[in-house]
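# what would the 3D arrangement of this be:
(one chain, ligands or ions: 4)
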Amino acid sequence: MYTVLPDSVQVRQSEVNGRGIWTKLPVRAGNVIFVTKPYAAALSTPSLSSHCSSCFALSSTSLLRRCTKCRIAHYCDFTCQTNDWAIHKLECTSLQKWFKAAPSSDIAPPSDAVRCLSRVLWRTQKRGSDTIQAREIANMQSHRKSLKPSAYETHTYLSHSLVQYMGLSGPADMAQYSLSSAADLLDTVSRFVTNTFTVTDPTLVPLGAAVSPVVALINHSCDPNAVVVFPRVSPDPKSQEPLMHVVAIRDIYPEEELCSCSILTAYIDATLPTNLRQQSLNEIYNFKCMCRLCTMVEVDPRTCLNCPKNCGGLCPLPSDGHSLVRCAKCNTVVHLVEAALDALRVGQEGLDKASSLQIKVTDPERSLRLTTNLIPILTSAGFPPSSHPLLGLTRLHQQLLTASFPNPLTQEHLDETIRTATKNVTGLAALLREGHPVLALAVTELGKLLAVDEPSPRPADAQNPKVSAKEVTPASLAIYPPSGLPRLQLAYQTLLRARKMLLIGFGVVNEGGQVGKEVREMIVALEKEIGVFKQGVRNVLEDTRKA
Ligand SMILES: [Zn+2]
Ligand SMILES: [Zn+2]
Ligand SMILES: [Zn+2]
Ligand SMILES: [Zn+2]
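Ligands and ions are numbered 1, 2, ... in the order given. Next up is the predicted model:
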């Protein structure tokens, strides 16, 4: 089994973590450990009309070929449609029946989870249950016996949708998919839920769900040494994509006594504070994480306040709400802890509200008002950019600002977006390793924003050329971002930093994925622009001298 794994990597059983993938040889940051195609994948409902159902490429709806029978699946071209037909043939019939039975004509197709799981079952039925891949699927771990009531409910609901969608009306229908009973089906669903991955585009935007038994073997750490990404760089994307690349984001060395080292990815958002990470891990995966981050005693930049004396140290938040809060570096006592904790509660409620899909999509202005009001409250309460929920609010604020660029763009709106992107980078950099794809993309975003043509650049005498994105102080923030040439130079440095990180996060052999290649081109263009700018200034100076 697991034939996609290279010889340097093996499946090992450990007493603490169960099965996992271990490397016997050292792996450098940016090395692609292995690449695999998911056993099955399905686009999320909103992506169905904008992406190819076979290779997951983005295209405009008018260019995609729509399946004339179900009118749901879209494809780049005939090749993609043919590649998908073996499975889509079965899916297509189910979709048509689903819509025929629907009470109204504008009902949505089943969720990507249901469509992906049905693809797993159809594939196994077609190829037989004793193929290597089917055995890999059957080998995936399930936690059905120890499910939390909330998870049990979700899995039961998913099973019902699946039965309805696939038309499994009795034991004979179930037997076709080697399912012996309803409990067996629930077990399959449970195995699927705990082992499913989100397919993303090269900028980490979620596109759908995928199942890969080999990637599912990788164990979890909140401080991972590897990531799963979809850089989309295959020479012939049509035949292979979506391909999952498992990439090392730091150097990994085999431990001496074990002669190998465990490959670890984060199953959940590692920028969240420990209690929230533990909560999701417990609810979805049913285990208690004991990683370095979950057991560390140092101050966590996710849950702390800045030192009131600005010594550069951080003050851990009280866990019971009462104990004294001191700076871990200079020992200064933080007064006003209650006020800070109030701000934190308000911030958390605001983040939940502003990011709830409903108001983010239907009322983005209201979301933007919320983030605009809450960020200064948390900042003045003493929370650093890396803290929760300030970081989440900042990320959301940046998204909302970018989505609401006025036409024509104003200098004020652009600069506010750049300041927000800078805070986001500062926050993420305190939490994630250099080269983590999330950080790499945040730095890329910042670089791109800095490179946007300024609608009304400031005159040269109002410049502060010493400001760099890495060391923004409250004093320099007033004139940050710089304007004119210093801004272009900052954009250039930022994109160079982004490219270095993208090469790690999306793989050196992948040239940093689609985004890495795009950034390389931007760097070349900026080099030229800066050259022209400098030449222009030289010409003006010379002209003035001559005059
Ligand atoms: Zn395609
Ligand atoms: Zn169809
Ligand atoms: Zn952990
Ligand atoms: Zn201090």
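
# any idea how far Gln96 is from ligand 4?
Per CB to the ion, to the nearest Å, Gln96 is found 66 Å from ligand 4. (C-beta placed from N, C-alpha, C; glycine too.)

# begin at 33 from here
Okay, residue one is now 33; in that scheme the one you just asked about reads as Gln128.

# what about the helices in the stretch 433-579 of the chain?
Applying DSSP state H, counting those that start in this stretch to the stretch 433-579 of the chain gives helices spanning 443-461, 469-483, 506-509, 517-537, 545-578.

# those helices: which one's closest to ligand 3?
Ligand 3 lies closest, by CB to the ion, to one member of those: helix 469-483, at 16.6 Å.

# tell me the centre residue of this protein?
With distances taken as CA atoms, centre = their mean, Leu236 lies nearest the centre of the chain, 4.7 Å away.

# give me the element that one is part of.
Using DSSP states H and E, Leu236 falls within no helix or strand.

# that one against Leu471, yeah?
No - with contact defined as CB atoms under 8 Å, Leu236 does not count as touching Leu471 (11.1 Å).

# okay, now Leu337: neighbour count?
23 (other CB atoms under 10 Å).

# before we move on, back to that, now tabulate the helices of the stretch 433-579 of the chain in CSV and tack on mean pLDDT.
Below are the helices of the stretch 433-579 of the chain laid out as CSV (pLDDT from 0 to 100):
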stretch, mean pLDDT
helix 443-461, 97
helix 469-483, 98
helix 506-509, 52
helix 517-537, 96
helix 545-578, 89
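
# can I get those helices in a markdown table including mean neighbour count?
Shown next, in a markdown table, are those (neighbours: other CB atoms under 10 Å):
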| stretch | mean neighbour count |
| --- | --- |
| helix 443-461 | 21 |
| helix 469-483 | 24 |
| helix 506-509 | 12 |
| helix 517-537 | 23 |
| helix 545-578 | 14 |
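
# closest to ligand 1 out of those?
Nearest of the helices of the stretch 433-579 of the chain (CB to the ion): helix 545-578, 14.9 Å.

# compute the inter-axis angle for that closest one and helix 517-537.
Angle of helix 545-578 versus helix 517-537, following axes from the mean of the first three to the mean of the last three CA atoms, to 10 degrees, is 160 degrees.

# who are the packing partners of helix 545-578?
Counting contacts by 3 or more CB pairs under 8 Å, 6 or more residues apart in numbering; DSSP states H and E, helix 545-578 packs against helix 469-483, helix 517-537.

# chain center to it, what's the gap?
Remark: helix 545-578 is offset 33 Å from the chain centroid, using CA atoms, centre = their mean, to the nearest Å.

# and the nearest residue to Cys84 once chain neighbours are set aside, what does it touch?
Computed as CB to CB, 6 or more residues apart in numbering, the closest residue to Cys84 that is not its neighbour in sequence is Cys108, at 4.5 Å. Counting by CB atoms under 8 Å, 6 or more residues apart in numbering, Cys108 touches Cys84, Ser86, Cys87, Ala89, Ser91, Leu95, Leu96, Arg97, Lys270.

# next one: Gly548
If you count contacts by CB under 8 Å, 6+ apart, Gly548 has them with Pro263, Arg531, Leu534, Leu535, Phe538, Asn542.

# and the second one, how far from ligand 4?
Note on Arg531: its distance to ligand 4, by CB to the ion, is 36 Å.

# cool, and the last one?
According to CB to the ion, Asn542 and ligand 4 sit 43 Å apart.

# what number of residues lie near that residue?
Neighbours of Asn542 under the rule other CB under 10 Å: 24.

# Val67 is in contact with that one, correct?
No - the pair Asn542 / Val67 is not scored as a contact, 9.3 Å apart, by CB under 8 Å.

# common neighbours of those two, please.
The contact sets of Asn542 and Val67 overlap at His277 (CB under 8 Å, 6+ apart).

# which ones are touching Leu349?
Neighbouring residues of Leu349 by CB under 8 Å, 6+ apart: Thr335, Cys336, Leu337, Val357, Ala372, Leu373, Leu376.

# 7 Å instead, please
Thr335, Cys336, Leu337, Val357 (CB atoms under 7 Å, 6 or more residues apart in numbering).

# in stretch 276-286, what counts as buried?
Met276, His277, Val278, Val279, Ala280, Ile281, Arg282, Ile284, Pro286 (16 or more other CB atoms under 10 Å).

# first-to-last residue distance for that stretch?
End-to-end distance of stretch 276-286 (CA to CA, to the nearest Å): 24 Å.

# and the average pLDDT for that stretch is what?
For stretch 276-286, mean pLDDT is 96.

# thinking again about what came up before, quick check, nearest of the buried residues of stretch 276-286 to ligand 1?
Met276 (16.7 Å).

# beta-bridge partners for that closest one, please?
Counting by DSSP bridges, Met276 is bridged to Thr68.

# quick check: it touching Pro263?
No - contact criterion CB atoms under 7 Å: Met276 and Pro263 do not qualify, at 9.9 Å.

# quick check: residues of the stretch 283-432 of the chain near ligand 3?
Cys321, Cys323, Leu325, Cys326 (CB under 5 Å from the ion).

# enumerate the residues of this protein near ligand 2.
So the chain meets ligand 2 at Cys99, Lys101, Cys102, Ala105, Cys124 (CB under 5 Å from the ion).

# the fourth one and Ile119 touch, don't they?
No - taking contacts as CB under 7 Å, Ala105 lies outside contact range of Ile119: 10.3 Å.

# neighbour count: the two, which is higher?
Ala105 (27 against 19).

# before we move on, back to that, among the residues of the stretch 283-432 of the chain next to ligand 3, who's most crowded?
Among these, Cys321 has more neighbours than the rest - 21 neighbours, counting by other CB under 10 Å.

# and Gln45, which of the three is it?
Under the three-state scheme (DSSP: H, G, I helix; E, B strand; the rest coil), Gln45 adopts strand.

# still on that earlier bit, selecting buried members of the residues of the chain next to ligand 2 in PyMOL, what would you type?
Only the buried entries of the residues of the chain next to ligand 2 go into this PyMOL selection, using 16+ other CB under 10 Å:
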select buried, resi 99+102+105+124
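
# show me the two of the residues of the chain next to ligand 2 that sit farthest apart.
The largest separation in those, counting by CB to CB, is between Lys101 and Ala105 at 8.9 Å.

# hmm, who's touching stretch 444-460?
Stretch 444-460 is contacted from outside by 303, 417-418, 423, 426-427, 429-430, 433-434, 437-438, 470-471, 474-475, 477-478, 481-482, 484, 487, 501, 504, 509, 512-513, using CB under 7 Å, 6+ apart.

# try it again with 6 Å
Stretch 444-460 has contacts (CB atoms under 6 Å, 6 or more residues apart in numbering) with 417-418, 423, 426-427, 429-430, 433, 438, 471, 474-475, 477-478, 481, 501, 513.

# next: stretch 148-157.
Under CB under 6 Å, 6+ apart, the answer for stretch 148-157 is Ala72, Ala74, Ile119, Leu122, Ala166, Leu194, Met198, Gln208, Tyr209, Phe224, Ala241, Val243.

# need the residues of the chain next to ligand 2 in TSV (columns: secondary structure).
Shown next, in TSV, are the residues of the chain next to ligand 2 (three-state DSSP):
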residue	secondary structure
Cys99	coil
Lys101	coil
Cys102	coil
Ala105	coil
Cys124	helix
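
# where does the stretch 83-232 of the chain dip in pLDDT?
Applying pLDDT under 70 to the stretch 83-232 of the chain flags residues 175-177.

# element containing the closest residue to ligand 4 within the stretch 183-332 of the chain, please.
At 11.0 Å from ligand 4, Val331 is the closest residue in the stretch 183-332 of the chain, using CB to the ion. Assigned by DSSP H and E, Val331 belongs to no helix or strand.

# would you confirm that it contacts Pro348?
Yes - with contact defined as CB atoms under 6 Å, Val331 counts as touching Pro348 (4.6 Å).
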